[in-house]
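K.L.:
take a look and give me a structure for this.
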Amino acid sequence: MKDDLRAETIRISGHGGDQIKAYLAQPVDGGSFPGVLVIHHMPGWDESTKEITRRFAANGYIGICPSLHHREGPDASPDDAAAAARAKGGVPDERFLADAAGAIAHVRSLPTSNGKVGVIGYCSGGRQSFLAACTLDVNAAVDCYGAFVIGSPPENMGLKFTPVIDRARDMRCPLLGLFGAEDKYPTVEEVGQIEAELKRLGKTHEFHVFDGAGHAFFSPDRPSYRQAAATEGWKLIFEWFGRYLA
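P.N.:
Residues are numbered from 1 along each chain as shown. Okay, here's the model as predicted:
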């Protein structure tokens, strides 16, 4: 663990050349570090996600988390911006991919970058992490209970997400998946279907399903938090990135 960090809100170039906010955290001591793109969950670019970004910096990574809801409310609270994004059906995939590509490019432009970048996402961000692994130039990916990789949202959710499992054939990096056995989005059955497709395609992956855990088991500020699953999950995450980003 590194005690000395620098964390700040910056602007990066995203979809269509838009200048969007991003949270950047990195070690301050000399060296060359891998990067991690942190994709926030459906509730938005909030303090808990920024804490995750700092956690990566404390463990020797350059963490960056772009505000995917920036256009819905650049100065709004995370709750309000997330509500506005959700009312539109969620963040469009192509907009997300361009924003993510801008964040990745920013990390690689830093003099302390070793050139390798991983991606991790939670909830809707898990689906987006899967999508990034299939589309962008990243070296490793982690999907934390990403819903609607396979299957579509129920109509009452109001989300316009479409399945992205058909893109798995283009997956460009190893994927770690962390899921809860009691989750409904995705269900254990859907996780099994995703894993079966990755096996069929010969993609490097590793999936873990935690008993007694549901959706958002990594979130310590929510009732869904499960300490044992989260602790083991973090261990697996750092082992995964340590293997592919060093």
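
K.L.:
just the C-alphas of the helix or strand of the chain with the lowest mean pLDDT, formatted as PDB.
P.N.:
Among the helices and strands of the chain, helix 78-87 carries the lowest confidence by mean pLDDT, DSSP states H and E, at a mean of 94. Output of helix 78-87 as PDB, limited to C-alpha atoms (Å, rounded to 0.1, in the frame of the first residue of the first chain):
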ATOM      1  CA  PRO A  78     -24.500  12.200  -8.600                       C
ATOM      2  CA  ASP A  79     -28.100  11.200  -7.800                       C
ATOM      3  CA  ASP A  80     -29.700  13.900 -10.000                       C
ATOM      4  CA  ALA A  81     -27.300  13.300 -13.000                       C
ATOM      5  CA  ALA A  82     -27.900   9.500 -12.700                       C
ATOM      6  CA  ALA A  83     -31.700  10.000 -12.600                       C
ATOM      7  CA  ALA A  84     -31.500  12.200 -15.700                       C
ATOM      8  CA  ALA A  85     -29.300   9.600 -17.500                       C
ATOM      9  CA  ARG A  86     -31.700   6.800 -16.500                       C
ATOM     10  CA  ALA A  87     -34.700   8.800 -17.800                       C
END
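
K.L.:
list the residues that contact the residue located most distally from the centre of the chain.
P.N.:
Going by C-alpha atoms, centre = their mean, the residue of the chain most distant from its centre is G30, 26.6 Å out. Counting by C-beta atoms under 8 Å, 6 or more residues apart in numbering, G30 touches T112. C-beta here means a position set from N, CA and C on the backbone, and glycine is covered the same way.

K.L.:
run the last query once more with 6 Å
P.N.:
Residues near G30 by C-beta atoms under 6 Å, 6 or more residues apart in numbering: none.

K.L.:
likewise for A103?
P.N.:
Listed by C-beta under 6 Å, 6+ apart, the contact set of A103 reads I12, A22, L37, I64, P66.

K.L.:
let's go with 8 Å and repeat that
P.N.:
I12, G14, A22, L37, I64, C65, P66.

K.L.:
ok, D221 touching S48?
P.N.:
Yes. D221 is within contact range of S48, at 5.8 Å (criterion: C-beta atoms under 8 Å).

K.L.:
more crowded one of those two?
P.N.:
Neighbour count, other C-beta atoms under 10 Å: between D221 and S48, S48 has more, with 17 against 11.

K.L.:
and the gap between the more buried one and S219?
P.N.:
Distance, S48 to S219, using C-beta to C-beta, to the nearest Å: 6 Å.

K.L.:
just give me the neighbour total for L110.
P.N.:
Around L110 there are 15 residues (other C-beta under 10 Å).

K.L.:
thinking it is in contact with Y61, fair?
P.N.:
No. With contact defined as C-beta under 8 Å, L110 does not reach Y61; the gap is 11.8 Å.
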